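> predicted model and sequence below, questions to follow.
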Protein chains: 2
Amino acid sequence: MTDTAPRRRARGQRPPTIIDVAEHAGVSRGTVSRVLQGGHNVSPAARDAVNAAIRKLGYVVNRAARSLVTQRAGCVAFLLSETQDRLFGDPNFTTLLTGCTTALGEHDIPLILITAGTEAERRRVTPFLSTHHVDGVLLISSHRGNPMIDHLRQANLPFVCCGKPLGERGALSYVSSDDHEGARTMVRYLLESGRKRVATITGPLDTPGGLERLQGYRGMLAEHGIAYDERLVAHGDYTRASGDAGMQQLLTAAPDLDAVFVASDLMADGALAAIERAGLRVPDDIAVGGFDDSPVATAVHPPLTTIRQPWTRISEMMVRQLLAQIHGEGPATVILPTELVVRESA
Amino acid sequence: MTDTAPRRRARGQRPPTIIDVAEHAGVSRGTVSRVLQGGHNVSPAARDAVNAAIRKLGYVVNRAARSLVTQRAGCVAFLLSETQDRLFGDPNFTTLLTGCTTALGEHDIPLILITAGTEAERRRVTPFLSTHHVDGVLLISSHRGNPMIDHLRQANLPFVCCGKPLGERGALSYVSSDDHEGARTMVRYLLESGRKRVATITGPLDTPGGLERLQGYRGMLAEHGIAYDERLVAHGDYTRASGDAGMQQLLTAAPDLDAVFVASDLMADGALAAIERAGLRVPDDIAVGGFDDSPVATAVHPPLTTIRQPWTRISEMMVRQLLAQIHGEGPATVILPTELVVRESA
DNA sequence: CTGAAAGCGCTTACAG
DNA sequence: CTGAAAGCGCTTACAG
């Protein structure tokens, strides 16, 4: 912080303090503070006088002073522990981030954005977090074995993950859409539309979305008495290119496939391209089902039939869970239902 | 902040304070503080002792306490004053945001993300900003007449805009890529490749990118002695759909066009779709030039020849300018060069 | 170069 | 229900 050294504000333009409010309302600072805290143990008359003074003077609490005495930061971190490239193409990220900002804003809690995709960044971030510069953390990461989880636990800092953290033991809060059921819904839809050979392109298997959507696919096939066929399964990494490559592989290994469930819309876009190059039509020859209902779903031709993830609700629940933990509640898992969105690709 | 009330930390797990460091190093608190501020007026022996104690104890400054006495927040806001939808599809946004976070991180300055796309949000945000809860603002908005600019000026808060704010008078800091020259470069490239009838699809004309890229297009045509032809100009809003519609309009109004300069890659993707539906080939029949070099540029077929915007440098310069202003420097304008990236579409 | 001390703006037991 | 007062952890003139 040597970087923000000089020039304290001139006396004249200093915002009003609690003392100004107290004088104006004819009460003590303690009473003003009590009104600020919710007005318990304050007479209606005093409360009204204080509120009037606050409005009159345009008083806004000085968070640094409050923070110093309460030993709480009064703000929350949005901690991005993915490398940047993973996010660049991901429109869900923006939705999640602005959703969390808005949900926190309603509680008047500022959000601090922190990136920790590299080891160097993590070294810088850890002391900041463990010295309680934030009251809690919204943790964004999808891959197995995120070292930040241990750091946060050691610092005894409340946190809630976006999506189920893989390979963690012990209680831990996360909010996730129902990947498993979402996948089942899509595969059921494809089968009930009369498709016989349903393939899939998965996400990375060290992510919950990769793993659980594949399990949902397998489970629904089994329920329909269809044996699992490895030739019908390709693995992607959520990029468009990997969807393209995966589809190419599937078309070679199983030329008789008539449907494909792709674990993300972006990969589905790639799959569409591969299908088109192969001279096949969607949905006539091959039905394509995506996952996410991200903006690409409606940008491609034909528009994707897909599974909608409730990102706004996810952000809201993450914030709610985090605040509950900050207030002393224990961790909890929240699973939110997804929704089938039928368009033209299947 | 009634929301983060209870449970102050137990005495035992409190982080070490400057007093602990002072005792450990055998000096006064004042001396520790001076070392923290850069070590001026401190003997080498004392400095070493303090630094050793800091390392030993894992001391990290309490920012709330510092902030209270220095009257500075020690953090900076990233203020998003666009409605959400504008951002959802925009991959540049993520680059800019993480770029700013990283650049600030190198100065140990946290970034607070604030959204103010609606009037209701602005009402909540303004008191927060004008009571100096941040030392400065990175202002993201592209449309003419952003009310936040007036609020920031009234609050006397340093700020730097991303892109040139249209219709503002008076000195004001902004960082922008050279839209005008970028457009000129693309149009020159198309003309020098032998194209004769170069059309354009613009961005919204109340944004600097919409306006200046169109001016660059007109200017370069004029330099080649080509008269401006309204039938060769369509207006979009940076969405993929508007690029598609714009291209359709151009193909009707000027069926003889053999190139099109599209003011964003996303719109260029839409244009590609319209061209394909018309049964024409890219680049054989029509050369397509984009703008941004965003991830879509390489995701589409054929990959786009485009103008690269230096988003990482833009974020770095925004941060640098903002810190300079916080330190008392006056406003400045920074224009960064763009780069022609030749791929297959032109 | 260094220490002692005031003070930043709040909250919160403690008395009453 | 209310006021007086201690104290949160720092920085910064002020003396020396």
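Perfect, thanks for sending it. Numbers count the residues shown, from 1 in each chain, chains lettered A, B, ... in the order given.
> so who does A:Trp267 touch?
Small correction: residue A:267 is Met, not Trp. A:Ile201, A:Gly203, A:Gly236, A:Tyr238, A:Thr239, A:Arg240, A:Ser242, A:Gly243, A:Gly246, A:Gly290 (CB atoms under 8 Å, 6 or more residues apart in numbering or on different chains). No exception for glycine: its C-beta is placed from N, CA and C like everyone else's.
> so what's the last one up against?
Taking CB under 8 Å, 6+ apart, we find A:Gly290 in contact with A:Val262, A:Ser264, A:Asp265, A:Met267, A:Ala268, A:Ala297, A:Leu304, A:Thr305, A:Thr306, A:Ile307, A:Ser345.
> ok so the last one is a strand residue?
Yep, that's A:Ser345 we're talking about. No. Assigned with DSSP: H, G, I helix; E, B strand; the rest coil, A:Ser345 falls outside any strand and is coil.
> element containing the residue of chain A found nearest DNA strand D, please.
DNA strand D sits closest to A:Gly30 of chain A, with a gap of 3.0 Å, by CB to the nearest atom of the strand. In this assignment (DSSP states H and E), A:Gly30 forms part of helix A:29-36.
> can you give me the helices in chain A?
Assigned by DSSP state H, the helices in chain A fall at A:18-25, A:29-36, A:44-57, A:63-70, A:84-88, A:91-105, A:119-130, A:147-154, A:179-192, A:208-223, A:240-253, A:265-277, A:296-299, A:311-326.
> CSV for these, including mean pLDDT and distance to B:Leu57?
Listed next are the helices of chain A as CSV, based on pLDDT from 0 to 100; distance: least, CB to CB, whole Å:
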stretch, mean pLDDT, distance to B:Leu57
helix A:18-25, 91, 33
helix A:29-36, 91, 33
helix A:44-57, 91, 41
helix A:63-70, 94, 20
helix A:84-88, 55, 34
helix A:91-105, 87, 32
helix A:119-130, 90, 12
helix A:147-154, 91, 17
helix A:179-192, 98, 45
helix A:208-223, 96, 39
helix A:240-253, 96, 48
helix A:265-277, 94, 48
helix A:296-299, 84, 51
helix A:311-326, 95, 26
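> winner for burial among these?
Of all the helices of chain A, helix A:265-277 has the most neighbours on average by mean count of other CB atoms under 10 Å in any protein chain shown, namely a mean of 24.
> quick one on the thing from earlier: export the helix holding A:Gly30 as CSV, just CAs?
Extracted as CSV, the C-alpha positions of helix A:29-36 are listed here (Å, rounded to 0.1, in the frame of the first residue of the first chain):
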residue,chain,number,x,y,z
ARG,A,29,-22.7,8.7,19.8
GLY,A,30,-23.7,5.5,21.4
THR,A,31,-27.3,6.0,20.6
VAL,A,32,-26.5,6.9,17.0
SER,A,33,-24.5,3.7,16.8
ARG,A,34,-27.4,1.7,18.3
VAL,A,35,-29.8,3.1,15.6
LEU,A,36,-27.2,2.1,13.0
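> return the distance of it from the chain's centre.
The chain centre lies 37 Å from the centre of helix A:29-36; the measure is CA atoms, centre = their mean, to the nearest Å.
> elements contacting it?
Contact analysis of helix A:29-36 by 3 or more CB pairs under 8 Å, 6 or more residues apart in numbering or on different chains; DSSP states H and E lists helix A:18-25, helix A:44-57 as its packing neighbours.
> is DNA strand D contacted by the shortest one?
No. Helix A:18-25 does not reach DNA strand D (CB under 7 Å from any atom of the strand); its nearest approach is 7.6 Å.
> next, the angle from that helix to helix A:29-36.
90 degrees (axes from the mean of the first three to the mean of the last three CA atoms, to 10 degrees).
> quick one: helix A:18-25 near DNA strand C?
Yes. Using CB under 7 Å from any atom of the strand, helix A:18-25 reaches DNA strand C at A:Ile18, A:Ile19.
> now check that helix, is it near chain B?
No. Judged by CB under 8 Å from any CB of the partner chain, helix A:18-25 and chain B are separated, with a smallest distance of 12.8 Å.
> please point out which parts of stretch A:150-166 sit buried.
A:151-152, A:155, A:157-166 (16 or more other CB atoms under 10 Å in any protein chain shown).
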